[in-house]
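**Student:** This is a predicted model, with the sequence first.
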Amino acid sequence: MGEKWFGVDGRIEVRKIMEVVISTIVGAILLVVLFYIGIVMVDTRLSLDIRKEKKVPVSIVITGVITFLGWCAVCLDGRIYEDKVQLFLTFLLICGMAVLNVTDLESHIIPNLVLKVMLFLWIGVVGCYVIFHIEYGISLFLQALAGGVISGIAFMLCYVLSRKQLGAGDVKLVFVMGLYLTGQKIMGALVYGMLLCCVYSIVQLCRKKIGWKDGVPLTPFLYLGTLITLFIL
């Protein structure tokens, strides 16, 4: 656990624990609310028909639960609280990926609109730190650029070698993920995500639910891989 759990004498401080738990739960609730608002706005703007007949799809409910629990697990682990900038960027990343998770599951689309919003928000946050905290801002920018370039090139090669069976939206998504996760964490997110995707695909093939030429939505696995990476690293 992080040092915030302990007082000067090394004893666990109940007050600190309560503050972290309450702030984490409030943040998780806000995250889920923004996630649902994002779904409504994207569905309305792009006419994806996600909320058919005003019913809430199971994918939205499950994603909301995973988002809530994932944020709590990441924050209560303690390490991410050491850097408030990364905490805020993580909040934005999880919210954006949760929305994309639903659009990919329900409509097999990764909207450029959501990716653009995520990119502009990242530019805004990092840009402010480059202006007002030059040394930290430049360091964060270089780490993020490394993550974006590494992930973007890796998936671009997969896109070309697979003869475009891998979606172009997936390539753009992992580039944005790389900016948020930086070079330190993006590879973990990709490895865990692709491993989960492989396991799922093998199981579905054995059950004869999909064929060798059928594709599966990749965003859910990248999302889970991101949450796992944030919790472990």
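**Tutor:** Yep, it's here.
**Student:** so the closest residue to residue 35 other than its chain neighbours is in which element?
**Tutor:** Spatial nearest neighbour of residue 35, excluding adjacent residues (CB to CB, 6 or more residues apart in numbering): residue 98 at 4.6 Å. All C-beta atoms are positioned from the backbone trio N, CA, C, and that covers glycine. Element membership of residue 98 [criterion: DSSP states H and E] is helix 84-107.
**Student:** helices or strands up against that helix?
**Tutor:** In this structure, helix 84-107 packs against helix 14-46, helix 58-76, helix 112-132, helix 168-206, helix 219-232, with contacts taken as 3 or more CB pairs under 8 Å, 6 or more residues apart in numbering; DSSP states H and E.
**Student:** Mind checking the pLDDT average for it?
**Tutor:** Throughout helix 84-107, pLDDT has a mean value of 93.
**Student:** how about that helix as PDB, C-alpha atoms only?
**Tutor:** Provided in PDB are the C-alpha atoms of helix 84-107 (Å, rounded to 0.1, in the frame of the first residue of the first chain):
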ATOM      1  CA  LYS A  84      -2.400  13.700  -9.300                       C
ATOM      2  CA  VAL A  85      -1.800  14.300 -13.000                       C
ATOM      3  CA  GLN A  86      -1.600  10.600 -13.800                       C
ATOM      4  CA  LEU A  87      -4.700  10.100 -11.600                       C
ATOM      5  CA  PHE A  88      -6.700  12.600 -13.700                       C
ATOM      6  CA  LEU A  89      -5.400  11.200 -17.000                       C
ATOM      7  CA  THR A  90      -6.300   7.700 -15.800                       C
ATOM      8  CA  PHE A  91      -9.800   9.000 -15.000                       C
ATOM      9  CA  LEU A  92     -10.200  10.400 -18.500                       C
ATOM     10  CA  LEU A  93      -8.700   7.200 -20.100                       C
ATOM     11  CA  ILE A  94     -11.000   4.800 -18.200                       C
ATOM     12  CA  CYS A  95     -14.100   7.000 -19.000                       C
ATOM     13  CA  GLY A  96     -13.300   7.200 -22.700                       C
ATOM     14  CA  MET A  97     -12.500   3.500 -23.000                       C
ATOM     15  CA  ALA A  98     -15.700   2.500 -21.200                       C
ATOM     16  CA  VAL A  99     -17.700   4.400 -23.800                       C
ATOM     17  CA  LEU A 100     -15.700   2.800 -26.700                       C
ATOM     18  CA  ASN A 101     -16.200  -0.600 -25.100                       C
ATOM     19  CA  VAL A 102     -20.000  -0.300 -25.500                       C
ATOM     20  CA  THR A 103     -19.900   1.200 -29.000                       C
ATOM     21  CA  ASP A 104     -17.600  -1.600 -30.100                       C
ATOM     22  CA  LEU A 105     -19.700  -4.300 -28.500                       C
ATOM     23  CA  GLU A 106     -23.100  -3.000 -29.700                       C
ATOM     24  CA  SER A 107     -22.300  -1.400 -33.100                       C
END
